[in-house]
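Engineer: Coordinates for the following, if possible.
(2 chains)
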There are 2 protein chains.
Amino acid sequence: MTFANIGSLGTVPGKRDELVTLLTRPSAELAAIGCLLYEVGVSDDEPDTVFVAELWESADAHRASLDLPSVQAAIAEARPLLSGVMGGTRFEVVGSPLR
Amino acid sequence: MTFANIGSLGTVPGKRDELVTLLTRPSAELAAIGCLLYEVGVSDDEPDTVFVAELWESADAHRASLDLPSVQAAIAEARPLLSGVMGGTRFEVVGSPLR
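Structural biologist: Presented below is the predicted three-dimensional model:
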């Protein structure tokens, strides 16, 4: 079942764009491991936050991605940019009016 | 710029699946007006909540969709199913590691 992972990542003031650059770095590995969609975004209302909306083939695919060396390296690289304020939601997709 | 609208809709206990059915009713109008993605989902952790993850060609396309008679009718039909507890986030997409 398609799994959705939506997140908001608070950044240290001024580091938002650096985190965007990191998160949007091309990665063929993510698609190979079952990532269907990975949208990175920002909002003028929250200048120190980066948003992600991800769809995965399954919750297991998402979990497995976190063990990829490249993802572990990105997480380590991102850590100093993060404020520690995080939010998000996860759910199983059950349908769409577009399909 | 692609616009993301992520929402969580609290339902009256026992009405979640009815809301899912309503929100996943096929609609060619949404795509025609600029809806790129509209995923409806649930989570075992929150049995009285329906989640939506939407991508639109723009914030304007999303706003315009709310004026569609079919969407207005669906909102009215959904109202008695809702608990009033709502959440969500909106952002502009700036990139993806998959593109």
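Engineer: Burial check on residue A:73, number of neighbours?
Structural biologist: 10 (other CB atoms under 10 Å in any protein chain shown). C-beta here means a position set from N, CA and C on the backbone, and glycine is covered the same way.
Engineer: Hmm, I typed the wrong one, I wanted residue A:78.
Structural biologist: 17.
Engineer: Let me see the mean pLDDT of stretch A:65-73.
Structural biologist: In this model, stretch A:65-73 has an average pLDDT of 96.
Engineer: meant to ask about stretch A:10-27
Structural biologist: 98.
Engineer: any idea how far residue A:92 lies from residue A:79?
Structural biologist: 29 Å (CB to CB, to the nearest Å).
Engineer: quick one, which of these two is more surrounded?
Structural biologist: residue A:92 (15 against 9).
Engineer: isn't that one right next to residue B:42, touching?
Structural biologist: Yes. At 6.1 Å, residue A:92 counts as touching residue B:42 under the criterion of CB atoms under 8 Å.
Engineer: residues in contact with the top helix by length along chain A?
Structural biologist: Counting by DSSP state H, the longest helix found in chain A is helix A:69-78. Residues outside helix A:69-78 that contact it (CB atoms under 8 Å, 6 or more residues apart in numbering or on different chains): A:9, A:19, A:22, A:23, A:25, A:27, A:29, A:30, A:65, A:66.
Engineer: Just the ones in helices from these, please.
Structural biologist: Reading helices off the contacts of helix A:69-78 with DSSP H, I get A:19, A:22, A:23, A:29, A:30, A:65.
Engineer: how many other residues sit next to the last one?
Structural biologist: When neighbours are counted by other CB under 10 Å, residue A:65 registers 21.
Engineer: ditto for the first one
Structural biologist: Other residues within reach of residue A:19 by the criterion other CB under 10 Å amount to 22.
Engineer: so what's it up against?
Structural biologist: Contacts of residue A:19 (CB under 8 Å, 6+ apart): A:9, A:11, A:50, A:78, A:81, A:82.
Engineer: Going by distance to chain B, which of the residues you listed wins?
Structural biologist: residue A:50 (8.7 Å; CB to the nearest CB).
Engineer: partner residues bridging the closest one?
Structural biologist: residue A:9 (DSSP bridges).
Engineer: Contact residues of chain A facing chain B?
Structural biologist: A:2, A:4, A:6, A:8, A:20, A:23-27, A:30-31, A:35, A:37-43, A:51, A:53, A:55, A:87, A:89-99 (CB under 8 Å from any CB of the partner chain).
Engineer: mind listing which of the residues you listed are in strands?
Structural biologist: A:4, A:6, A:8, A:35, A:37-43, A:51, A:53, A:55, A:87, A:89-95 (DSSP state E).
Engineer: what's the nearest residue to the residue nearest the centre of chain A if we skip its chain neighbours?
Structural biologist: Centroid-nearest residue in chain A: residue A:52, 4.3 Å away (criterion: CA atoms, centre = their mean). Nearest non-adjacent residue to residue A:52, counting by CB to CB, 6 or more residues apart in numbering or on different chains: residue A:7, 4.7 Å away.
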